[in-house]
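In: sequence isn't available, so here's the structure alone:
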């Protein structure tokens, strides 16, 4: 297949995934049929199978690409940056990705549950890797004294992840303030982790 | 109907709602049928209709009772308590309710989306009322100086609600540490809202 033949196919596949993301967001995966997706991209259901194997493969493509984007964003941060600054950048990177397409983020965060065992296991591994970045960064912050020495790392991680996972519920793609959201969330989350003045190193 | 006749009917209805909660939690509302629910309580689908109108009425009963429980818990807190202490108690009340039945909390927090327009509107009103308690308490904390004067109330509320809404994902009913979860979450969340030493009133 020449490049010129491959590119339209990739573009069609992207168009199918984008339409499916919107439908899964509106109706949820179980209530969306291949027929609905085909109708949304103005194709016959049979023609869709030239681009995607089946409905589960569509969900897996959306969810795995989505979670990989979150993981790549935090893992590309310079590990030599101070842990508090690295955490702030990670929070901002997270809200930036959510703001690109909050509906896609909701599908990525919630609808992985509908995947079959094998795909679900892969997604869970990627999610754990993402969560691990936050846990490790917070632990490093405690060890280096930029966060409180008595901070409960598990609960600090759960608080941070909770606030981040909730973001697609209130960030709107067309909200002019969404660029600011990451900074404001980071301000509050980091204030909860920093030492009180008396035990500043 | 005498009390002795009414009570078994109420108990049967509770049993149906409990079985439906578990099924909605496992399979999600759209993938659960009245037949599945009947099977789980060892009844014929036709017999179920003596206790519940239809599948949506079951979901509405679960979700509205659930959200009302959260609202009642925070609204029963003494409004004369200092806002930081009131917020801590609310966070603990929230995690206590989640720990009673984390799966029910997940259904209450997420599956209201499947309700018809009228029921969904009622649930959204109750959810807003719950969120309003946190916003008002945090705002009052800023106004009385127990929280930072420059705190962004909107983001502080979103951070708090995010951490609370995420709790059913990691609190396990059989976790011996779950009683402690509320206190630990509150510690971190409140530390993020309190004044830095230099602007303590």
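Out: Yes, it's here. Since we're looking at a predicted model, the values are computed, not measured.

In: C-alpha from now on. contacts and neighbour counts both.
Out: Noted.

In: for the nearest residue to residue A:39 once chain neighbours are set aside, give me the pLDDT.
Out: Closest residue to residue A:39 apart from its sequence neighbours, by C-alpha to C-alpha, 6 or more residues apart in numbering or on different chains: residue A:45 at 7.8 Å. On pLDDT, residue A:45 comes in at 92.

In: how much space between residue A:45 and chain B?
Out: According to C-alpha to the nearest C-alpha, to the nearest Å, residue A:45 stands 22 Å off from chain B.

In: biggest helix in chain A by residues?
Out: helix A:117-143 (DSSP state H).

In: flag every buried residue along that one.
Out: Neighbour-count burial for helix A:117-143, counted by 16 or more other C-alpha atoms under 10 Å in any protein chain shown, picks out A:119-120, A:123, A:126-127, A:129-131, A:133-135, A:137-142.

In: ok, the residue nearest to residue A:39 touching residue A:52?
Out: No. Taking contacts as C-alpha atoms under 8 Å, residue A:45 lies outside contact range of residue A:52: 10.7 Å.

In: now do the buried residues in the helix or strand containing residue A:47.
Out: Assigned by DSSP states H and E, residue A:47 belongs to helix A:45-48. Residues A:45, A:48 are the ones in helix A:45-48 that count as buried (16+ other C-alpha under 10 Å).

In: return the residues of chain A in contact with chain B.
Out: Residues of chain A lying close to chain B by C-alpha under 8 Å from any C-alpha of the partner chain are A:30-31, A:152, A:155-156, A:158-167, A:181, A:184-185, A:188-193, A:196-197.

In: mind checking which of the residues you listed are buried?
Out: The neighbour-count criterion (16+ other C-alpha under 10 Å) marks A:152, A:155-156, A:158-167, A:181, A:184-185, A:188-193, A:196 among those as buried.

In: closest residue of chain A to chain B?
Out: Using C-alpha to the nearest C-alpha, residue A:192 is the residue of chain A that sits closest to chain B, at 3.4 Å.

In: gap between that residue and residue A:13?
Out: The spacing between residue A:192 and residue A:13, counted by C-alpha to C-alpha, to the nearest Å, is 44 Å.

In: quick one, domains of chain A?
Out: For chain A, the structural domains run A:1-52, A:59-199, going by automatic domain parsing.

In: most tightly surrounded among those domains?
Out: When those are scored by mean count of other C-alpha atoms under 10 Å in any protein chain shown, the highest mean neighbour count falls to domain A:59-199 (a mean of 19).

In: avg pLDDT for it?
Out: Averaged over domain A:59-199, pLDDT sits at 93.

In: how distant is it from the center of its chain?
Out: From the chain centre to the centre of domain A:59-199 is a distance of 8 Å (C-alpha atoms, centre = their mean, to the nearest Å).

In: what packs against the longest helix of chain A?
Out: helix A:55-75, helix A:83-100, helix A:153-170 (3 or more C-alpha pairs under 8 Å, 6 or more residues apart in numbering or on different chains; DSSP states H and E).

In: tell me what angle it forms with helix A:55-75.
Out: Orientation of helix A:117-143 against helix A:55-75 (axes from the mean of the first three to the mean of the last three C-alpha atoms, to 10 degrees) gives an angle of 20 degrees.

In: okay, the angle between helix A:117-143 and helix A:83-100?
Out: Using the same axes, to 10 degrees: helix A:117-143 against helix A:83-100 is 140 degrees.

In: now do helix A:117-143 against helix A:153-170, angle only.
Out: For helix A:117-143 against helix A:153-170, the angle between stretch directions is 120 degrees (the same axes, to 10 degrees).

In: where's the residue nearest to residue A:107 when sequence neighbours are not counted, which helix or strand?
Out: Spatial nearest neighbour of residue A:107, chain neighbours left out: residue A:25 (6.0 Å); criterion: C-alpha to C-alpha, 6+ apart. Using DSSP H and E, residue A:25 sits within helix A:3-27.

In: got a list of contacts for that helix?
Out: A:29, A:32, A:36-38, A:40-41, A:51-52, A:58-59, A:61-62, A:103-104, A:106-107 (C-alpha atoms under 8 Å, 6 or more residues apart in numbering or on different chains).

In: how distant is the helix holding residue A:47 from the center of its chain?
Out: Worked out by C-alpha atoms, centre = their mean, helix A:45-48 lies 29 Å from the chain centre.

In: by contact count, what packs against that helix?
Out: Applying 3+ C-alpha pairs under 8 Å, 6+ apart, one finds that helix A:45-48 contacts helix A:34-40.

In: counting by contacts, list what the helix it packs on packs against.
Out: If you count contacts as 3+ C-alpha pairs under 8 Å, 6+ apart, helix A:34-40 packs onto helix A:3-27, helix A:45-48.

In: let me have the domains of chain A in CSV, extended by distance to residue B:19.
Out: Listed next are the domains of chain A as CSV, based on distance: least, C-alpha to C-alpha, whole Å:
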stretch, distance to residue B:19
domain A:1-52, 20
domain A:59-199, 20
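
In: out of these, nearest to residue B:80?
Out: Residue B:80 lies closest to domain A:59-199 among the domains of chain A, at 25.2 Å (C-alpha to C-alpha).
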